[in-house]
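Asks: Need the 3D shape of this:
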Amino acid sequence: MRIPIDGDAVIRAARDAGITLFDTARAYEGSEALLGRVLAGDAGVEIVTKCGMKHDPSLTGRAAWRPDGRATAILDDARASVAALGRPIDVLLLHAPDPDVPFATSVRALVRAREEGLARAVGVSNVSRKHLEEAAAMTPLAAVEVALGAYDDEAARGGVVAWCAANGVRVLAHSPLGGPKRAPRLAHDPHLRAIAEAHDIDEAGVVIAYLLSLDAPVVPLVGARRIETVEKAARAAKVRLSDQERAALDARFPGLRRPATAVVVDGKREVVVLMGIAGAGKSRLAESWAERGYERLNRDTIGGTLRGLAQRLDERLASGVDRLVLDNTYITRASRADVLRVAAKHGAAVRCVHVATSPADAQINVVTRMLDRYGELLGPAEMKTHGKKDPNLLVPTALFRMIRELEAPAADEGFASIEVLPFRREIPGGLRPGSALAFDVLGRGDVLAGIPRDHPLLVFAWQPPAGASAEVAALAEREERSIDFVACTHGEGPPVCWCRPPLPGAWLWFAKRRGVGTAGSVLYGSAAAHRTMATALGLQFVDASS
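Replies: Sure, this is the predicted structure:
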């Protein structure tokens, strides 16, 4: 059962009904202390709690809590949980991955909490298959908590549930009924009503019974605030569905469906999935498949969602089309699952072609597209405006998140074949070398003396002092040479623009403007960010810090 709940009586009713697992978290204010008080001395219960969230008092509701995966935060939370519960934690879970902290750092902190005796076992929550496998490689996992139920199937489509089933790890399914706002809709679902009446339970109970029937150790976490809810959940847990009922529910919840043991492929039909992060060159590759007679389905041209695109695929295969190619990001297993499910339904083999792109190339691709389409580097407000209609216009944080979440294709997803194509950049001819100079090294020795006068010159800066533009203009006049100046004035924190070093925007704008290539080009700088920028762009770096 999931906490928080109101009142000692509901917890006691849960124990009387045979419920032995209680789920809570540091972020559920007061719930750990409530459980500790009511269940003190009860050796027959297992308490799961979660750590690694920080509270922002300026916000309210769920938005007030954000991941904090730092080791110190996790250990502080674990110690506070032990104090509130009055006992060691049975299973300590990381509440959610923190995008600002290496995931391995957070997992190591969980291991330390176990080694210090704060927790008997550890696990993770709200993770992808990629995170799950990384954590499991570091330590045994006692449980994995994810959203799973009537309205949430991403963990099943993304392979998390299948991994847990194969490795004997419990799946704690939070929000199995969809939460307070969505759960009431279940009462109006005709697919559930007949099964509910046959077993003398309600429609929500059918969902609980179905989750318990999956070929995985699933434990539905039902948030109960009333004794009646506890009793209904306990009654549903005792229901045994017939094969016919399970088949009907498989059809009702296809995303939760148990995977088939084998897919029958007729050998005539093929779906090609071209996947990779934005700007990987999938569109050009898709055009080559289209020239070979494959019908192309692309969200950028057709519109809609990836799941809607899978429905379109279903319709096209049903109409008799035998060859289709889909070129979308498909960076996660969950995003690809619907394509594989639909293809299997029609006996079509799915070939995956993964265009593998390095983070540096991905950044260059995104900025190059922006310059080709808009002719300039767009600022944060402009990117936000144009991005509503241009799915290829990404802010840096969106691209970084895409790279972070990328899950490479695997055979166990059901692909007939997987091909990895390394990204190759086409370098146009006729480009001349150029030089880039960080603004803060202008006064450090005679740097300009080493820069060939026939090199177009870029001076770049982040948050330069007042008068920097005039200083560069005066330098250009004094040296009798043309100098382009790009000043990023955007603030600290996660980058909201592409012009802040080490991001490549300033150089790419300059290179396009002046017809400059990377061969023979040099970047003079003084900071680690400048060296990183040069390496990513393929420029020679000269340390001009002294």
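
Asks: Tell me if I am right that residue 465 is in a helix.
Replies: No. Residue 465 is assigned coil when assessed by DSSP: H, G, I helix; E, B strand; the rest coil, not a helix.

Asks: That one: how many residues sit nearby?
Replies: Burial of residue 465 is recorded as 9 neighbouring residues (other CB atoms under 10 Å). Backbone N, C-alpha and C define where each C-beta goes, glycine included.

Asks: Next one, pLDDT for it please.
Replies: Note on residue 465: pLDDT of 93.

Asks: domain ranges for this structure?
Replies: According to automatic domain parsing, the chain comprises the domains 8-252, 270-420, 435-543.

Asks: do you know which of those domains lies nearest residue 426?
Replies: Nearest to residue 426 among the domains of the chain is domain 270-420 (9.2 Å), distances taken as CB to CB.

Asks: next one: that closest one to chain centre, how far?
Replies: Here domain 270-420 is found 15 Å from its chain centre; the criterion is CA atoms, centre = their mean, to the nearest Å.

Asks: if we can go back for a sec, can you lay out the domains of the chain as JSON lines showing distance to residue 426?
Replies: What follows is these, written out as JSON lines (distance: least, CB to CB, whole Å):
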{"stretch": "domain 8-252", "distance to residue 426": "31"}
{"stretch": "domain 270-420", "distance to residue 426": "9"}
{"stretch": "domain 435-543", "distance to residue 426": "12"}
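
Asks: and the residue lying closest to residue 297 once chain neighbours are set aside, backbone torsions?
Replies: Leaving aside its chain neighbours, residue 297 sits nearest to residue 326 (4.9 Å; criterion: CB to CB, 6 or more residues apart in numbering). The phi and psi values for residue 326, taken as degrees, to the nearest 10, are phi -120, psi 120.

Asks: Just give the closest residue to residue 354, not the sequence neighbours.
Replies: residue 420 (4.9 Å).

Asks: pLDDT weak spots in this structure?
Replies: 1-6, 59-63, 258-266, 444-445 (pLDDT under 70).

Asks: Which secondary structure element is home to the residue of it most remote from its centre?
Replies: Farthest-out residue of the chain from its mean C-alpha position, per CA atoms, centre = their mean: residue 478, at 51.1 Å. Assigned by DSSP states H and E, residue 478 falls within helix 468-479.

Asks: Remind me what the very next helix or strand once past that helix packs against, helices and strands.
Replies: Using DSSP H and E, the helix or strand that follows helix 468-479 towards the C-terminus is strand 483-488. Strand 483-488 makes packing contacts with strand 457-462, helix 468-479, helix 505-514 when contacts are defined by 3 or more CB pairs under 8 Å, 6 or more residues apart in numbering; DSSP states H and E.

Asks: hey, which of the ones you listed is tucked in deepest?
Replies: The highest mean neighbour count among those, using mean count of other CB atoms under 10 Å, belongs to strand 457-462: a mean of 24.

Asks: quick one, it and helix 468-479 angle?
Replies: Angle of strand 457-462 versus helix 468-479, following axes from the mean of the first three to the mean of the last three CA atoms, to 10 degrees, is 160 degrees.

Asks: And for strand 457-462, what's in contact with it?
Replies: Residues outside strand 457-462 that contact it (CB atoms under 8 Å, 6 or more residues apart in numbering) are 434-440, 442, 451, 468, 472, 475, 481-488, 499-501, 506-507, 510.

Asks: can you check stretch 535-546 too?
Replies: With CB under 8 Å, 6+ apart, stretch 535-546 has contacts from 360, 363-364, 436-438, 441, 444-445, 447, 450, 502, 504, 507-508, 518, 521-527, 530-531, 533-534.

Asks: Next step: those restricted to strands.
Replies: Secondary structure from DSSP state E places 436, 437, 438, 522, 523, 524, 525 of the contacts of stretch 535-546 in strands.

Asks: list the contacts for the fourth one?
Replies: Applying CB under 8 Å, 6+ apart, one finds that residue 522 lies in contact with 433, 435, 436, 451, 455, 539, 540, 541, 542.
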